[in-house]
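Visitor: Coordinates only, no sequence provided:
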């Protein structure tokens, strides 16, 4: 009897030890329960509506009445995102037609229903910073990022790293589309956090460079190798890399598999071919933001990423030209509407299982600086409490139609975006337990 | 010559004579040797500019122009996976004229020398016996393998991105 118990004990101990040995392996990658599970959607597109968007001209729809003191000149200049009638006085943000004042023709709305009327609008959200880069970091890391330096990778893990580590997404399933390579922009695809880092980072393009004149000159003439040609090249690289094995802490780049690399290179080549043939789909009214969003749409169509974040920033002209800011805001709305419409009309595989999230990274000041533009309107910087007032929008699969909060009743924080995406993909608990998320943040689904 | 001048002349001569010394030749027994890198010591990652500058000079045997360097650096910086960017830049270079690389016939005529020279050219070191053997066998077995393919493998390798 004693012998039997002892054997039982040993058997059970061995089983438990085995389970204990295996459990961390499973939990580390998270693949055991992350895919599927309670996922609310299969794809997320995060539009970082950046550059500093003032509450007053966007969600509050006060146009010139508030900013420049023009009585009766309130109205909505973002007709794809928000409900509300356009201003009827001093229209300067539209397109210019011959014989009419510059900018006097508003761009017609693209979406039959606004994002607000189809999804969830958080009207008054607290931003954690009044600056661009920390704001972008907040959107991607869910951390207030108060100690974040410039020209360095995010200190805290990005949503891409959480998804790759805990949901098991591949590199080619996670994409960041930057609007340039200035400052820290091309570093946003991964943090340098020791627990996550480049081994879990996302792919990234900065279309104005990658697919602009530099990219065409440097990349477009590349040879297109057959798989038969590529195999020995990869064989040699594999052999050489084995004898120079890098530790993960030495990685200096995001890493795709050979198949993914081949796919991405083919995509780049095809983009240049389509460019030459004039086949890149663009928003009807062009802008720098529209250009970036058009290439994000190309990536969406080709890779159907699980997570894509795209950054725009045209509205930052508000530092010195208010008229230009209004125009950029109107065009950014146009481009955002176009992207959602493009997904709905051109990518049938994902149109019904995608969630589109839109949020600025920071707002703008309550009071103007002394710089006047061509219309004698004052410009606005971003450094005061008003610059920490923003909004957020969400639409798509499993998103209720709701309007949450108001000017006098703020609800939510910008750090909510990462927990929300984690919630969408069913890895909320793992991400919140990482210790890197703002303790006051929570999923927007749990705010309502 | 008065006495004063004579004394001056004598002092000057004494100074000069006293400062002359027979040169001593010292030898330390150091033998001349060719110095090459050790891969274990390559711990610093080349940044985009260094990588491109070294690669361009390697392939064209002439320095890259500042404007070309700037553009290439920007493009590499704009792509998240540096390996993708480097491989694209390489395939672009191999589609241009002016490369100074051995012909496939030269490679096939003396594969061992080619392998050693390729290691020295890209990695600034000799291959180990194991590396040399593998590479020779791989080239010998694959008759379709070209210098371009081998150079691409080397230029895209992790070791080439470190110094």
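Guide: Looks like it arrived, so ask away. The structure presented is a predicted model; accordingly, all values stated were derived computationally and were not measured.

Visitor: Identify the single longest helix in chain B, thanks.
Guide: helix B:3-19 (DSSP state H).

Visitor: from the middle of its chain, how far away would that one be?
Guide: From the chain centre to the centre of helix B:3-19 is a distance of 56 Å (Cα atoms, centre = their mean, to the nearest Å).

Visitor: what residues are up against residue B:36?
Guide: Residue B:36 sits next to B:120, B:124-126 when contact means Cβ atoms under 8 Å, 6 or more residues apart in numbering or on different chains. No exception for glycine: its C-beta is placed from N, CA and C like everyone else's.

Visitor: circling back to that earlier point, which helices and strands does the helix or strand that the longest helix of chain B is followed by pack with?
Guide: The helix or strand immediately downstream of helix B:3-19 is helix B:48-60, counting by DSSP states H and E. Helices and strands touching helix B:48-60, by 3 or more Cβ pairs under 8 Å, 6 or more residues apart in numbering or on different chains; DSSP states H and E, are helix B:66-77, helix B:82-93, helix B:147-155.

Visitor: Quick check: the gap between the most centrally placed residue in chain B and residue A:95.
Guide: In chain B, the C-alpha nearest the mean C-alpha coordinate belongs to residue B:124, at 5.6 Å (Cα atoms, centre = their mean). According to Cβ to Cβ, to the nearest Å, residue B:124 stands 58 Å off from residue A:95.

Visitor: and what of residue A:191?
Guide: 41 Å.

Visitor: Compare the two (neighbour count), which wins?
Guide: residue A:191 (27 against 17; other Cβ atoms under 10 Å in any protein chain shown).

Visitor: Can you tell me which of the helices and strands packed on helix B:48-60 is nearest to chain A?
Guide: Of all the helices and strands packed on helix B:48-60, the one in closest proximity to chain A, counting by Cβ to the nearest Cβ, is helix B:147-155 (2.8 Å).

Visitor: name the helices or strands packed onto that closest one?
Guide: Right, helix B:147-155 is packed against helix A:227-242, helix B:48-60, helix B:82-93, helix B:104-109, helix B:111-123 by 3+ Cβ pairs under 8 Å, 6+ apart.

Visitor: can you put those in a markdown table and add mean neighbour count?
Guide: What follows is those, written out as a markdown table (neighbours: other Cβ atoms under 10 Å in any protein chain shown):
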| stretch | mean neighbour count |
| --- | --- |
| helix A:227-242 | 17 |
| helix B:48-60 | 18 |
| helix B:82-93 | 23 |
| helix B:104-109 | 14 |
| helix B:111-123 | 18 |
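
Visitor: closest one to residue A:434 among those helices?
Guide: helix B:82-93 (26.7 Å; Cβ to Cβ).

Visitor: quick one, strands of the stretch 201-350 of chain A?
Guide: A:203-205, A:307-312 (DSSP state E, counting those that start in this stretch).

Visitor: Scan the helices and strands of chain B for the one with the lowest mean pLDDT.
Guide: helix B:3-19 (a mean of 75; mean pLDDT, DSSP states H and E).

Visitor: quick check, residue A:180 in a helix?
Guide: No: Residue A:180 sits outside any helix when classified using DSSP: H, G, I helix; E, B strand; the rest coil, being coil.

Visitor: Before I go, just wanted to say thanks for your time.
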